[in-house]
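[1] Sequence below, structure please.
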Amino acid sequence: MRVLMLSDGETRGGASTAAARAALGLCRLGHEVLRVVRFPDPGSHPWRTEVLETPAALVTDWEAPFRPEAKALVRDMLTAVLRRFRPQAVSVHNLHGATRHGWSVDLVATCAEVAPTVWTLHDLWSCTGRCAYTDGCERHLTGCGEDCPSWRVYPACPPGEIAARQREKRGVPARFPDLTAAAPSAWLARTARKGLWAGHRVEALANGLDLDVFRPVERGEARRALGLEPGGRVLLAASLLLDDPRKGGDLLLRALDFLDEPVTLLLMGGGSLTVANPKVAARPLGLVTDDAVKTLVFSAADVLLHPAREDNLPNTVAEALACGTPVAGFAVGGVTEMLAEGAGSVAGALTPEALALAVREVLARDPAEARERCRFLAERRYDLLGQARALARLFEETAEARADQARRAARQ
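    Numbers count the residues shown, from 1 in each chain. All right, here's what the predicted structure looks like:
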């Protein structure tokens, strides 16, 4: 099958990483994959890549309206790629990282006009006027508008354009009844069905992960490789940006004050967190891009702390579980289902005290049993080829739905 995959980024960032892993799985199954991106990354990949590059003169600031010329240019470039490649299926991922470059939901319509299209939802952007996470706001269910309280938050949008962008998003599913959504978490699937995706097929399909890469390494061995002492408690916080307010770094720092014993805290990611607690030996690792090193970091930790206030199906949680490391986090989004069945502990409230209690609960468990349980759940939930096969089946079923619709129209 020829699959065109549309995504703002190629491999960097949570959604781009998930898309790259889906592309890898499809390639390993023998499908031909063309990645169409705005932000390519160097390196050797099993897929081909085409870049929709907007001239700098047409790129706007986040808080400014995007240029109609940019939107038309990007649409025309994508149309040309579609004509050359002739995909049998299209896999759409995040677009909003490139809205200031003229990317919009109009590109989904451009794809759906050509081939059966499945849109993998990494957040709520497809349902709202502008935001990726709503912070509890439900305006998107009735209609977003100029009264958006957070319009400057990424992905920012001028207030005067928010309602129009949501109307544009609503128009695409209306034009293409067979447009299908794949939601990595059951939480996101349920939430999407309440809004823009009501009446459309929405399947919960977790992101896949290469379990031969992310695997348990003996804890002592992993710590030695990282220059850590073999004994003592080691906690881990991991995020693309550790100081992103949505990721809850402030809650993590305050939770450390409620722990009873000295710990080492590994900080893996960009941004910075300043740890003032004298009982906590902080070790910043920076942004780690090598999966083999990530595997050592996850394996070295007794527990991953995931203090996000909102999240879908975070890669770091799946990666930790694949390495046999349990997780403590809040009952938000898809995190709740990820931590079910013995994968970790869910804090009972969105407070530092509750997070610290969840950490203590994880640390009280038998480490060997916890490690085995986490790996078992990762194998059952996140197998790369298994998830790629499920995505390919969804392409086929979407194509069949389109064919059925054409047959019905022909009989009328």
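[2] Break down the chain into its strands, ranges please.
    For the chain, strands defined by DSSP state E occupy the ranges 2-9, 32-39, 48-51, 89-92, 117-120, 180-183, 202-204, 233-241, 263-270, 280-286, 303-306, 327-330, 344-347.
[3] so which of those comes closest to Leu24?
    strand 32-39 (8.6 Å; C-beta to C-beta). To be clear about C-beta, it is placed using only N, CA and C from the backbone, and glycine gets the same treatment.
[4] Just the residues contacting that closest one, thanks.
    1-10, 12, 16, 19-20, 23, 26-27, 45-54, 78, 81, 85, 87, 97-98, 101, 103 (C-beta atoms under 8 Å, 6 or more residues apart in numbering).
[5] Report how many residues lie close to Arg86.
    Number of residues near Arg86 (other C-beta atoms under 10 Å) recorded here: 10.
[6] if we can go back for a sec, Asn312: which of the strands of the chain is closest?
    Between Asn312 and these, the shortest gap by C-beta to C-beta is with strand 180-183, which sits at 8.1 Å.
[7] Any idea how many residues pack against Thr316?
    Neighbour count of Thr316, defined by other C-beta under 10 Å: 23.
[8] Please tell me I have it right and it contacts His306.
    Yes - counting by C-beta atoms under 8 Å, Thr316 does reach His306; the two are 6.7 Å apart.
[9] Return the distance of the nearest residue to Lys294 once chain neighbours are set aside relative to Gly14.
    Excluding the flanking residues, the one nearest Lys294 by C-beta to C-beta, 6 or more residues apart in numbering is Val288, at 5.4 Å. Remark: distance between Val288 and Gly14 (C-beta to C-beta, to the nearest Å) = 14 Å.
[10] So which of the two has more stuff around it?
    Per other C-beta under 10 Å, whichever of Val288 and Gly14 has more neighbours is Gly14, with 20 against 15.
[11] from what I can see that one touches Leu240, true?
    Yes - at 6.4 Å, Gly14 counts as touching Leu240 under the criterion of C-beta under 8 Å.
[12] just to revisit the earlier point, with mean pLDDT and distance to Gly129 added, can I get the strands of the chain in CSV?
    As requested, these are exported to CSV (pLDDT from 0 to 100; distance: least, C-beta to C-beta, whole Å):
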stretch, mean pLDDT, distance to Gly129
strand 2-9, 98, 18
strand 32-39, 98, 21
strand 48-51, 97, 28
strand 89-92, 98, 19
strand 117-120, 98, 17
strand 180-183, 97, 18
strand 202-204, 97, 20
strand 233-241, 96, 24
strand 263-270, 97, 28
strand 280-286, 96, 35
strand 303-306, 98, 28
strand 327-330, 98, 26
strand 344-347, 97, 31
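[13] can I get those strands in JSON lines with mean neighbour count?
    Listed next are the strands of the chain as JSON lines, based on neighbours: other C-beta atoms under 10 Å:
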{"stretch": "strand 2-9", "mean neighbour count": "24"}
{"stretch": "strand 32-39", "mean neighbour count": "21"}
{"stretch": "strand 48-51", "mean neighbour count": "14"}
{"stretch": "strand 89-92", "mean neighbour count": "26"}
{"stretch": "strand 117-120", "mean neighbour count": "26"}
{"stretch": "strand 180-183", "mean neighbour count": "26"}
{"stretch": "strand 202-204", "mean neighbour count": "18"}
{"stretch": "strand 233-241", "mean neighbour count": "22"}
{"stretch": "strand 263-270", "mean neighbour count": "20"}
{"stretch": "strand 280-286", "mean neighbour count": "15"}
{"stretch": "strand 303-306", "mean neighbour count": "27"}
{"stretch": "strand 327-330", "mean neighbour count": "26"}
{"stretch": "strand 344-347", "mean neighbour count": "25"}
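[14] Sounds good, over and out.
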